Structure formats: C-alpha cells, structure tokens
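J.: the following block contains a protein sequence and its predicted model.
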Amino acid sequence: MQKHFLLFLLLLGAAQAFSSAKTSPRAALVRLSETTDAAAADSSSPITPTAATSPNDIVACRIQIQGAAQGGYFRAHVKNEAGRFRKLIGTMSPPSEDPKAPAEIYVEGKRRSVEGFVRWCKKGDVGLNQRAIVLNVSYDELPTGMYDDFYVKTK
C-alpha cells in the first residue's frame, strides 16, 4: 500500500514538474525521485507516517495496581473512569481476601483513551484518603475483543 502511494506521489510530482519547468519528462522524474528517496529516508517525513503511534489505534493494556484496590469504592471509580468517561471496554479482577494482593485491570480502546486511563491510575488518588500504586503496565499486541463494556467483578 505504501509503495503504491509513493509511486502515485512520484508520478504526480513528475507531471507537475514537467508541466511547470518545461524540462524533459526523464529529467523531471530523476530530480523528483532523488527528493522522494531523501524524504523516505527521513523518519519525520509526512510521506511515511507511522501508523503504530496513531492515537486512534485500538490497543489493549494490562495494569497491575496495589493498595486500596480491593475495596468497592476504588472499583466503582475504576468502572466510572474506564467505562463511562473514557468509553473503554475490559474487566477488573475479582477482589481478593488479602488487602495487599494486587488487582489487575484489562482495558481495550483507542490509544489516546487507554493512555489517559493509565495516567489516571498512576495518579493514585481516588478520594477518601485511599491510595493506589501502579505496579506494572503492559500493552498487549492485539486486543481480544471479548468484551462489549467495562465490567468490575465483585466476587
């Protein structure tokens, strides 16, 4: 796909250069191909966008949290922040009997929303003097697509 786009730009530029410069088509094509090769080598060129960093890509993320993450108050805030405010889908692990056990949150959604949710989790302050610490954040290769909403398991 990218090769076809570059070829199209190359031909379009050659046609414009030929019509405006009154030079031979071969000279215009050679001059344009030299500038296109230099632009393709430059990573910040608009000709070669990096789709992996697009804010609208769908990504999956696992977040491990320790602290006041086992209580219902924190879980309600996670559900509101992820499901209602950021329109993410996923789940949060069921509460553990051990209050020091880490909780795991799995979310899928647009990269911009997921990164904002991770920043919210790292802030750690959910109110009522409850603090949570993010232990680990890992991005998965492909979202599973198993969820249609954000679910918080209670038992």
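T.: Structure received.
J.: where does pLDDT dip in this structure?
T.: Residues of the chain meeting the criterion pLDDT under 70: 1-52, 141.
J.: residue boundaries of the strands in it?
T.: 58-67, 89-92, 103-110, 125-127, 130-140, 150-152 (DSSP state E).
J.: columns distance to residue 73 and mean neighbour count on top of these, output as a markdown table?
T.: Every residue, glycine included, has its C-beta placed from N, CA and C. What follows is those, written out as a markdown table (distance: least, C-beta to C-beta, whole Å; neighbours: other C-beta atoms under 10 Å):
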| stretch | distance to residue 73 | mean neighbour count |
| --- | --- | --- |
| strand 58-67 | 12 | 19 |
| strand 89-92 | 13 | 22 |
| strand 103-110 | 13 | 22 |
| strand 125-127 | 7 | 13 |
| strand 130-140 | 6 | 14 |
| strand 150-152 | 12 | 20 |
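J.: distance to residue 80 added to those strands, as JSON lines?
T.: Formatted as JSON lines, the strands of the chain follow (distance: least, C-beta to C-beta, whole Å):
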{"stretch": "strand 58-67", "distance to residue 80": "16"}
{"stretch": "strand 89-92", "distance to residue 80": "12"}
{"stretch": "strand 103-110", "distance to residue 80": "13"}
{"stretch": "strand 125-127", "distance to residue 80": "10"}
{"stretch": "strand 130-140", "distance to residue 80": "15"}
{"stretch": "strand 150-152", "distance to residue 80": "9"}
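J.: tell me which of those lies nearest to residue 77.
T.: strand 125-127 (4.8 Å; C-beta to C-beta).
J.: what's the closest one packed up against?
T.: Packing partners of strand 125-127 (3 or more C-beta pairs under 8 Å, 6 or more residues apart in numbering; DSSP states H and E): helix 72-79.
J.: angle of the helix it packs on against strand 130-140?
T.: Here the directions of helix 72-79 and strand 130-140 differ by 40 degrees (axes from the mean of the first three to the mean of the last three C-alpha atoms, to 10 degrees).
J.: in helix 72-79, which residues are buried?
T.: Buried residues in helix 72-79, counted by 16 or more other C-beta atoms under 10 Å: 74, 75, 77, 78.
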